[in-house]
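Student: Next one to model:
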Amino acid sequence: MTDGAPGRSSRAPNRAKDEVARARDIRLETGQAIIAGIFIGWLGIATKAAINEAVGTNSYYVLLMAAAVLAAWVGGLSGGISAVVTAAVLNQVIFVNGESAPDAAQFLQALYIVTAVATVLLVASRRASRDRLADALDEVSTLAEEIEGRDARLQLMLSASGTGFWEWDIETGALTWSDEIFRQHGFEPGVAAPEFTVYLDTIHPDDRGAFESAVGSTMEPGGPDTFELDFRVVWPDGAIHWTHGAGRLFRDEDGRPVRMIGTGQDITERRRILEDRDRLLDAERRAGAFREAFVDVISHELRTPITTIMGLAQILARPGRSDDEASRMALLEDVRSEAERLHRLVEDLLVLSRVERGRLEIEAEPIEPRRLLDRIVTQEARELPTITVETELEPDLPIVAGESTYVEQIVRNLLNNAAKYTPYGSRVVVSARKSDGNVEVRVTDDGPGVPPASIERIFELFYRDPSSSRLVAGSGIGLFVCASLVEAMGGTIWASRPAAGGTEVGFTLRILEPDADDADEHRVLTRRDRSVAEPVGVREDPGGRPVDVEAGEVAGSTMGSALSEGSTPAG
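Tutor: Numbers count the residues shown, from 1 in each chain. Sure, this is the predicted structure:
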């Protein structure tokens, strides 16, 4: 038993098409047939006149008969009669009227007409029969194509659903399998199907009892005639696959079971999808627990700057307070500093929220990395007086693709981590260079460095190195945000311990290859004064807050991975 016989069914339409191609000659409409007949009749007379002139004798009606046969075959009855009439009329005018024995010539003319008409009827009948045969073959070809199409669709449906057919002769125990059933059990089609008792051994031991019970219930008097069951089969190589089996029992006149037929469908993929669904539901439950833990961790980080800002604001607003300008500016600077800290924490939380929902998507724009990095370092150097920030940027860095606001967020996070986890007066270098179609940006400090046990984990969400977490406050999300943004922009991020000491955190930005127009524009831009205040590609709202961009999925788990803030000992 096979899933189909494609050889025969596919050859039948081809044979029919070949027969139709051979059977179909030129077919003419009635008017076209008459015109063709007249032309062929005239051509016969012209040829007869030319031959008579060439040989000096009368060729009589041989050529005219040939013209009648040809016209009848090409144009059917209408074409043949038209050729006979045309030839007879022209022959009468050109040849018969000039004969020395007019009676004999008239007799031959009449005999030609009768014989030619009879021949035309015979040939036209033959042609009509062949045309009908061609039409019949055409219909057969069309029907064969339809049958082949239905057979192909059926085979496609069966193949797509993984369904095969089987039959069991209960008296002999013999099984007959389709090709798909062989494949569902890990066998190549064509070999003999096993007997039923042997087949039972291929069923998974945990499902064998249920299978025997389902089949046995159909054989009991008064039992159901059908069964359906999902069970596992063990392939010869030991692999386990799921099958949905369904069968129907047939009995003889005495009510005895004689045979059973049914189908088998491979449902291994369906079971896998169900397992994936259960796994996703479990992941959602873990995500809920993650959010609770997230709130617990972040609540402290949010509370600290808010409490400081409120306290300083209350001091500044105290009635009757008289401060000198320097004291008041110092308090305002503390308020600004805490507000900036809160602002950056909120930025990180927005990114983290999108990562968790799988909606971090970045619309790449052209960025001049040298100009952007110069501006970021200049601003951050004023905000981080405890460290010395320097740059080492290649002079001709190419345009890169990314989101300038997010690049700025990454670099600021790295610089702030370096300031938090390195001693006072440490040197931090921001460098950038071209490398293999990317621009590599590195933030390197000369601090104590991340311990080797933590260097591979600092990009995990909420991870903080135990040796530094007790000394420096932090949320453990900064580097996770950096990694998520870099990956969303198509780059990579890493952390290492340089041989000279300290910590290096680097990331890549993809070089944007300009077209001809962009290249001309870029050459103009590179000649412009680099002291322009606002770098190309940076977008901020009127309040100075980076524009919020809805986003798509970021590579990596939104829960299992967790990151620390620090570029040195993880914070």
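Student: Under a three-state scheme, what state does residue 461 occupy?
Tutor: Three-state call for residue 461 (DSSP: H, G, I helix; E, B strand; the rest coil): coil.
Student: Near it, how many other residues are there?
Tutor: Neighbourhood size, residue 461 [other Cβ atoms under 10 Å]: 28. Using the backbone N, CA and C atoms, a C-beta is placed for each residue, glycine as well.
Student: Low-confidence bits of the stretch 301-450 of the chain, can you list those?
Tutor: 301-304, 320, 322, 337, 341, 352-353, 356-359 (pLDDT under 70).
Student: wait, what's in contact with the closest residue to residue 380 other than its chain neighbours?
Tutor: Once flanking residues are discounted, residue 380 sits nearest to residue 415: 4.9 Å by Cβ to Cβ, 6 or more residues apart in numbering. By Cβ atoms under 8 Å, 6 or more residues apart in numbering, the contact list for residue 415 reads 376-377, 380, 384, 389, 428, 430, 443.
Student: Residue 415 belongs to a helix, doesn't it?
Tutor: Yes. Applying three-state DSSP, one finds residue 415 inside a helix.
Student: For residue 374, see how far away it is.
Tutor: 14 Å (Cβ to Cβ, to the nearest Å).
Student: Which neighbours do the two have in common?
Tutor: Where contact means Cβ under 8 Å, 6+ apart, no residue is in contact with each of residue 415 and residue 374.
Student: ok, which stretches of the stretch 351-500 of the chain are strands?
Tutor: 365-367, 387-393, 400-402, 426-435, 438-445, 493-496 (DSSP state E, counting those that start in this stretch).
Student: Tell me the strands beside the last one, with direction?
Tutor: With DSSP bridges as the criterion, the sheet partners recorded for strand 493-496 are strand 503-510 (antiparallel).
Student: Pull out the buried residues from the strand it pairs with.
Tutor: Going by neighbour count (16 or more other Cβ atoms under 10 Å), the buried part of strand 503-510 is 503-509.
Student: How about stretch 335-344?
Tutor: For stretch 335-344, by 16+ other Cβ under 10 Å, it's 335, 338, 341-342, 344.
Student: can you check stretch 212-221 too?
Tutor: For stretch 212-221, the buried set under the neighbour-count rule, 16+ other Cβ under 10 Å, comprises 214-215, 218.
Student: cool, stretch 375-388 as well?
Tutor: 375-377, 380-381, 384, 387.
Student: And the residues you listed, which is closest to residue 482?
Tutor: Closest approach to residue 482 among those (Cβ to Cβ): residue 376, at 13.6 Å.
Student: circling back: pick out the most distant pair among the buried residues of stretch 375-388.
Tutor: Farthest pair in these (Cβ to Cβ) is 375 and 387. Separation: 18.0 Å.
Student: what's the closest of the buried residues of strand 503-510 to residue 404?
Tutor: Closest to residue 404, out of all of the buried residues of strand 503-510 and judged by Cβ to Cβ, is residue 509, at 10.4 Å.
Student: Tell me, what's the model's pLDDT at the closest one?
Tutor: We have a pLDDT of 93 for residue 509.
Student: Not counting its neighbours along the chain, what's nearest it?
Tutor: Leaving out its chain neighbours, the residue that sits closest to residue 509 by Cβ to Cβ, 6+ apart is residue 400, at 4.0 Å.
Student: separation between the one you found and residue 222?
Tutor: Note on residue 400: its distance to residue 222, by Cβ to Cβ, is 78 Å.
Student: Looking at those two, which one has more neighbours?
Tutor: Between residue 400 and residue 222, residue 400 has the larger neighbour count (other Cβ under 10 Å), namely 27 against 5.
Student: before we move on, the earlier item: got JSON lines for the buried residues of strand 503-510, with distance to residue 129 too?
Tutor: Putting these into JSON lines (distance: Cβ to Cβ, whole Å) gives the following:
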{"residue": "503", "distance to residue 129": "96"}
{"residue": "504", "distance to residue 129": "92"}
{"residue": "505", "distance to residue 129": "90"}
{"residue": "506", "distance to residue 129": "87"}
{"residue": "507", "distance to residue 129": "84"}
{"residue": "508", "distance to residue 129": "80"}
{"residue": "509", "distance to residue 129": "80"}
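Student: any idea which of the residues you listed is closest to residue 258?
Tutor: Among the buried residues of strand 503-510, and counting by Cβ to Cβ, the member closest to residue 258 is residue 508, at 72.3 Å.
Student: In the protein, spot the strand with the most residues.
Tutor: Ranked by residue count, the top strand of the chain under DSSP state E comes out as strand 240-251.
Student: Sheet-wise, list the partners of the helix or strand following that one with their directions.
Tutor: Downstream of strand 240-251, the first helix or strand assigned by DSSP states H and E is strand 257-266. Note on strand 257-266: by DSSP bridges, its sheet partners are strand 163-169 (antiparallel), strand 240-251 (antiparallel).
Student: ranking those by burial, who's on top?
Tutor: Mean neighbours per residue, mean count of other Cβ atoms under 10 Å, is largest over the strands paired with strand 257-266 for strand 163-169, with a mean of 20.
Student: Need the residues that contact the helix or strand following that strand.
Tutor: Counting by DSSP H and E, the next helix or strand C-terminal to strand 163-169 is strand 175-177. For strand 175-177, the external contacting residues (Cβ under 8 Å, 6+ apart) are 1, 164-169, 193-196, 199.
Student: can you list these in JSON lines and add distance to residue 149 and pLDDT?
Tutor: Output for those, formatted as JSON lines (distance: Cβ to Cβ, whole Å; pLDDT from 0 to 100):
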{"residue": "1", "distance to residue 149": "23", "pLDDT": "46"}
{"residue": "164", "distance to residue 149": "21", "pLDDT": "85"}
{"residue": "165", "distance to residue 149": "21", "pLDDT": "83"}
{"residue": "166", "distance to residue 149": "26", "pLDDT": "90"}
{"residue": "167", "distance to residue 149": "27", "pLDDT": "90"}
{"residue": "168", "distance to residue 149": "32", "pLDDT": "92"}
{"residue": "169", "distance to residue 149": "33", "pLDDT": "92"}
{"residue": "193", "distance to residue 149": "30", "pLDDT": "87"}
{"residue": "194", "distance to residue 149": "35", "pLDDT": "87"}
{"residue": "195", "distance to residue 149": "37", "pLDDT": "86"}
{"residue": "196", "distance to residue 149": "36", "pLDDT": "87"}
{"residue": "199", "distance to residue 149": "35", "pLDDT": "89"}
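Student: would you list these in CSV and tack on distance to residue 464?
Tutor: Output for these, formatted as CSV (distance: Cβ to Cβ, whole Å):
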residue, distance to residue 464
1, 66
164, 57
165, 62
166, 61
167, 67
168, 65
169, 71
193, 63
194, 61
195, 66
196, 64
199, 59
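Student: Show me which of the residues you listed is closest to residue 260.
Tutor: residue 168 (4.6 Å).
Student: Pretty sure that closest one sits against residue 195.
Tutor: No. Between residue 168 and residue 195 there is no contact under Cβ atoms under 8 Å: 9.6 Å.
Student: Please identify the helix or strand for residue 344.
Tutor: Counting by DSSP H and E, residue 344 is found in helix 325-357.
Student: Give the other helices and strands that that helix contacts.
Tutor: helix 268-316, helix 404-421, helix 478-488 (3 or more Cβ pairs under 8 Å, 6 or more residues apart in numbering; DSSP states H and E).
Student: how far does that helix sit from the chain's center?
Tutor: Relative to its parent chain, helix 325-357 has a centroid offset of 43 Å by Cα atoms, centre = their mean, to the nearest Å.
Student: how many degrees apart are that helix and helix 404-421 in direction?
Tutor: Inter-element angle recorded for helix 325-357 and helix 404-421: 120 degrees (by axes from the mean of the first three to the mean of the last three Cα atoms, to 10 degrees).
Student: just curious, which of the contacts of strand 175-177 is nearest to residue 448?
Tutor: Distances from residue 448 to the contacts of strand 175-177, taken by Cβ to Cβ, are shortest for residue 164, at 66.8 Å.
Student: Just to check, residue 123 is in contact with residue 67?
Tutor: No. In this structure residue 123 lies outside contact range of residue 67 using Cβ under 8 Å: 11.8 Å.
Student: So between these two, which is more surrounded?
Tutor: Legend: neighbour count by other Cβ under 10 Å for residue 123 and residue 67, higher for residue 67 (27 against 21).
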